[in-house]
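Enquirer: structure here, sequence nowhere to be found:
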């Protein structure tokens, strides 16, 4: 995954060309050059993009990926349709960036747990990061599943994302293996896949559980605890 | 869940009215009264329904739930559009029956494991039934996720399905708890939810894994084994 400070268009073309066409594409104040020069203008641009992505996540949660258009998003984020189109190149591009942002935030949280060596600890803080991210952001979870089903998320995206900082990813996996308790080293990929699968699947099932069964926050906590126990258990025995 | 021998329209109205309107609705030979009387006609009807559901599952796997219409399904199953419409009342009804059929088959397999007491055994045969069903039937898995996302599967469906044989379901859950190893009794719901979540999520992620990583059948086997170990581990420690 690339660094969070990169521009949203796939992490390429930061600064220069993007900002010039940005000023051209829109009448929105926040995208115009600021009198103070590049740095503040860049901060404005990043703030505007963050506001659009926040608004998109809100609409995703309320209406699902099929339920809103860019005009509605513009009203929600208080920016012009043209600016959204300029920044994201259409709805598919926007949705990919919504996914990317949360995945990168989550990646950073997990790497910081890895740095202080607590990734595989008994209370499995990394499991809780993934679980809590999906629970806190139902729009993200819904979009992830929808993206996998409809082909919005393609193998090329994943490959591009990985090429962008392949070395960092390989180093991370290597660290995982070294840090993992002995019996589970061979199974790091399977265990990680199961963690992601369980959280993604649970996000999909949860609305049905809450509307059908006597499901509540305590039930969520139980699932979260059992998931952490399952992952820790897998890393400790062969 | 209702018995597999029930008619497809929500498990209600077996025989009588359904068959009369069946003869009215279609010019298909298989739905006409057979000279030998009710029993053979009923078998023909069931065979035709099974053939339509098989064809639907094939199209679901190849094209996804949005990718085909009832006319194409009719050509695939070699029956008339009208007959499909009569049996299933439109595409939503058909898709629900595709889901229901597999869920009921799976339920029967799991109950037979329960009957001989092997549900919670170390090799977790029930986990393997669920995992293998999803792997063998990618169209079913895809439809399940799509149904949850789009609202095709509603809380009412689940409630109706449960009302149909609520007693059987309650007895089943009670058996599960009794049979489960002591420390996990309180957590039967959470563990079952995690199992379903993991398998559903993995079905969604798998196409991306196979096209991006060096993922193969051996990787599937590892995930399957780790999942069985995780579930067994959860039932054995507190």
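Expert: Received the coordinates, thanks. The structure displayed is predicted, hence computed values, not measured ones.

Enquirer: what about chain A, any weak spots by pLDDT?
Expert: A:1-39, A:114-123, A:158-177, A:179-185, A:237-238 (pLDDT under 70).

Enquirer: could I get the full set of helices for it?
Expert: Assigned by DSSP state H, the helices in chain A fall at A:16-25, A:38-63, A:70-77, A:81-88, A:91-115, A:125-136, A:138-150, A:155-164, A:166-179, A:188-212, A:217-236.

Enquirer: show me what counts as buried in the third one.
Expert: Put plainly, it is helix A:70-77. For helix A:70-77, the buried set under the neighbour-count rule, 16 or more other Cβ atoms under 10 Å in any protein chain shown, comprises A:70, A:73, A:74, A:76, A:77. Bear in mind the C-beta positions are built from the backbone N, C-alpha and C, glycine included.

Enquirer: what of the fifth one?
Expert: Buried residues in helix A:91-115, counted by 16+ other Cβ under 10 Å: A:91, A:94-102, A:104-107, A:109-110, A:113-114.

Enquirer: relative to helix A:38-63, how tilted is it?
Expert: With axes from the mean of the first three to the mean of the last three Cα atoms, to 10 degrees as the basis, helix A:91-115 and helix A:38-63 are set at 100 degrees to each other.

Enquirer: sorry, back to before: can I get the buried residues of helix A:70-77 in CSV including distance to residue A:236?
Expert: Listed next are the buried residues of helix A:70-77 as CSV, based on distance: Cβ to Cβ, whole Å:
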residue, distance to residue A:236
A:70, 49
A:73, 46
A:74, 51
A:76, 47
A:77, 46
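
Enquirer: distance to chain B added to the residues you listed, as JSON lines?
Expert: Output for the buried residues of helix A:70-77, formatted as JSON lines (distance: Cβ to the nearest Cβ, whole Å):
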{"residue": "A:70", "distance to chain B": "21"}
{"residue": "A:73", "distance to chain B": "20"}
{"residue": "A:74", "distance to chain B": "25"}
{"residue": "A:76", "distance to chain B": "22"}
{"residue": "A:77", "distance to chain B": "24"}
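
Enquirer: now, among those residues, which is nearest to residue B:226?
Expert: residue A:73 (40.3 Å; Cβ to Cβ).

Enquirer: residue contacts, residue A:152?
Expert: A:65, A:92, A:95, A:96, A:146 (Cβ atoms under 8 Å, 6 or more residues apart in numbering or on different chains).

Enquirer: mind running it again at 10 Å?
Expert: A:65, A:91, A:92, A:95, A:96, A:99, A:143, A:144, A:146 (Cβ atoms under 10 Å, 6 or more residues apart in numbering or on different chains).

Enquirer: count of neighbours near residue A:151?
Expert: Per other Cβ atoms under 10 Å in any protein chain shown, the neighbour tally for residue A:151 reads 11.

Enquirer: thought it was touching residue B:64?
Expert: Yes. Using Cβ atoms under 10 Å, residue A:151 is in contact with residue B:64, at 8.8 Å.

Enquirer: which residue sits closest to residue A:110 in space, ignoring its chain neighbours?
Expert: Using Cβ to Cβ, 6 or more residues apart in numbering or on different chains and skipping residues adjacent in sequence, the residue nearest residue A:110 is residue A:126, 5.2 Å away.

Enquirer: how many neighbours does the one you found have?
Expert: Neighbours around residue A:126, by other Cβ under 10 Å: 22.

Enquirer: what about the nearest residue to residue A:102 once chain neighbours are set aside, how many neighbours?
Expert: In space, residue A:102 comes closest to residue A:140 once its chain neighbours are excluded; the distance is 4.8 Å by Cβ to Cβ, 6+ apart. For residue A:140, the count of nearby residues is 21 (other Cβ under 10 Å).

Enquirer: what do you get for residue A:54?
Expert: By other Cβ under 10 Å, neighbour count at residue A:54 equals 14.

Enquirer: residues contacting it?
Expert: Here residue A:54 is in contact with A:76, A:77, A:98, A:101 (Cβ under 10 Å, 6+ apart).

Enquirer: what distance do you get for the closest residue to residue A:216 other than its chain neighbours to residue A:61?
Expert: Leaving aside its sequence neighbours, residue A:216 sits nearest to residue A:210 (Cβ to Cβ, 6+ apart; 7.8 Å). With the distance defined as Cβ to Cβ, to the nearest Å, residue A:210 ends up 14 Å from residue A:61.

Enquirer: if we can go back for a sec, out of the contacts of residue A:152, which two sit at the greatest distance?
Expert: Maximum distance among those (Cβ to Cβ): 16.0 Å, for A:91 and A:144.

Enquirer: isn't residue A:137 up against residue A:61?
Expert: Yes. Using Cβ under 10 Å, residue A:137 is in contact with residue A:61, at 7.7 Å.

Enquirer: where do the contact lists of those two overlap?
Expert: residue A:143.

Enquirer: neighbour count for those two, which is higher?
Expert: residue A:137 (20 against 15).

Enquirer: and that one, backbone torsions?
Expert: When read as degrees, to the nearest 10, the backbone of residue A:137 gives phi -130, psi 70.

Enquirer: residues contacting it?
Expert: By Cβ under 10 Å, 6+ apart, the contact list for residue A:137 reads A:57, A:60, A:61, A:98, A:102, A:105, A:106, A:143, A:144, A:203.

Enquirer: and which of the contacts of residue A:152 is nearest residue B:217?
Expert: Among the contacts of residue A:152, and counting by Cβ to Cβ, the member closest to residue B:217 is residue A:144, at 25.3 Å.

Enquirer: for chain B, see how far away the nearest residue to residue A:87 once chain neighbours are set aside is.
Expert: Spatial nearest neighbour of residue A:87, excluding adjacent residues (Cβ to Cβ, 6+ apart): residue A:49 at 5.9 Å. Distance from residue A:49 to chain B, counting by Cβ to the nearest Cβ, to the nearest Å: 26 Å.

Enquirer: what do you get for residue A:110?
Expert: Distance, residue A:110 to chain B, using Cβ to the nearest Cβ: 17 Å.

Enquirer: what of residue A:149?
Expert: Using Cβ to the nearest Cβ, residue A:149 is found at 6 Å from chain B.

Enquirer: please apply the same query to residue A:50.
Expert: Using Cβ to the nearest Cβ, residue A:50 is found at 26 Å from chain B.

Enquirer: that residue: neighbouring residues, count only.
Expert: For residue A:50, using other Cβ under 10 Å, the count is 13.

Enquirer: settle this for me: it is touching residue A:105, isn't it.
Expert: No. Using Cβ under 10 Å, residue A:50 makes no contact with residue A:105, being 11.4 Å away.

Enquirer: which residues does residue A:206 contact?
Expert: Going by Cβ under 10 Å, 6+ apart, residue A:206 touches A:134, A:135, A:138, A:141, A:215, A:219, A:220, A:223, B:148, B:193, B:197.

Enquirer: please pick the buried ones from the residues you listed.
Expert: Buried members of the contacts of residue A:206, scored by 16+ other Cβ under 10 Å, are A:134, A:135, A:138, A:141, A:215, A:219, A:220, A:223, B:148, B:193, B:197.

Enquirer: spatially nearest residue to residue A:129 (excluding sequence neighbours)?
Expert: residue A:109 (4.8 Å).

Enquirer: so the one you found versus residue B:67, what's the distance?
Expert: On the measure of Cβ to Cβ, residue A:109 and residue B:67 end up 37 Å apart.

Enquirer: ok, now residue A:93?
Expert: From residue A:93 to residue B:67 the distance is 24 Å (Cβ to Cβ).
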